[in-house]
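**Q** this is a predicted model, with the sequence first.
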Amino acid sequence: MTIEIVSETPLLQHGLAELLRKVPNFFVYDDRPPLTASPLLAKDRWHTTILITDAGDEFPDAMVSPILGERPDSRIVVLTDSSDHLFLWKVLTSGAHACLAKGVQLDELVSVIHAVHRKEDRFILSAPVGALRKLRPATAEPGPLTNREVEIMRLVAAGMSNRRISQQLFITETTVKRHLTNVYAKLDVTSRVQAIQKAFGRDLADVAAALGALDLDGEPLP
């Protein structure tokens, strides 16, 4: 298995390389060679890139994409000292395969390297509990509607179309649709009728009858 280490900090890069070179069956390099440098490297399907991020790195996806572009079969393990949940979320959605704290033990890192090659559909994350709790999907605990969203929902409940709402609030129709999309996601609904019912607790039949009697300009929902 070949291990490539990418870092802007040479001391960390070379130090980790020396540790991993002691692991049996690991071929480690910390200076990126061209793909044609060795037939072994070019064909190695067990290739792992260890990406060591610095505290100031805000866009891990921008660092991961070039690596996957060059080696699509590579598994990427991100080492970070960040405990920011937004940074961790970006790592999770970047295409990387694992994210570990820089203080991880060597045996744990070796286990993760093997694991990301065995299970292609898994993401391995080791981070502070407080940061992990903030990674919960919005649908698990949706936030309350904003004042603007409530205002728009009241106009929807009054039977106004998107066009009329935009005129009433002096905003674009696109903005109205964006707010409604956010409302639908927060309320876990797919229609105006369901949104009104869930937002204001009205009976579905009553809401449907009221909206059916009003002119919505034939607009698609939302």
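**A** In hand now; what should we look at? Computed from a predicted structure; not experimentally measured.
**Q** all helices of the protein, in order?
**A** Assigned by DSSP state H, the helices in the chain fall at 10-20, 39-43, 60-70, 85-92, 106-118, 129-133, 147-157, 162-169, 173-187, 192-200, 204-212.
**Q** out of these, which gets nearest to residue 99?
**A** Evaluated with C-beta to C-beta, the helices of the chain place helix 85-92 nearest to residue 99, the distance being 4.6 Å. Placement of C-beta: from N, CA and C, glycine included.
**Q** residue 30: what's it in contact with?
**A** 4-5, 7, 13-14, 16-17 (C-beta atoms under 8 Å, 6 or more residues apart in numbering).
**Q** the same query, at a cut-off of 10 Å, please.
**A** Counting by C-beta atoms under 10 Å, 6 or more residues apart in numbering, residue 30 touches 3-7, 10, 12-18, 20-21, 50.
**Q** out of these, who has the most neighbours?
**A** Highest neighbour count within the contacts of residue 30: residue 50, with 25 neighbours (other C-beta atoms under 10 Å).
**Q** so what's it up against?
**A** Residue 50 sits next to 3-7, 13, 16-17, 20, 28, 30, 75-79, 98, 100, 109, 112-113 when contact means C-beta under 10 Å, 6+ apart.
**Q** go again with 8 Å.
**A** Contacts were defined as C-beta under 8 Å, 6+ apart; by that measure residue 50 touches 3-6, 16, 76-77, 79, 109.
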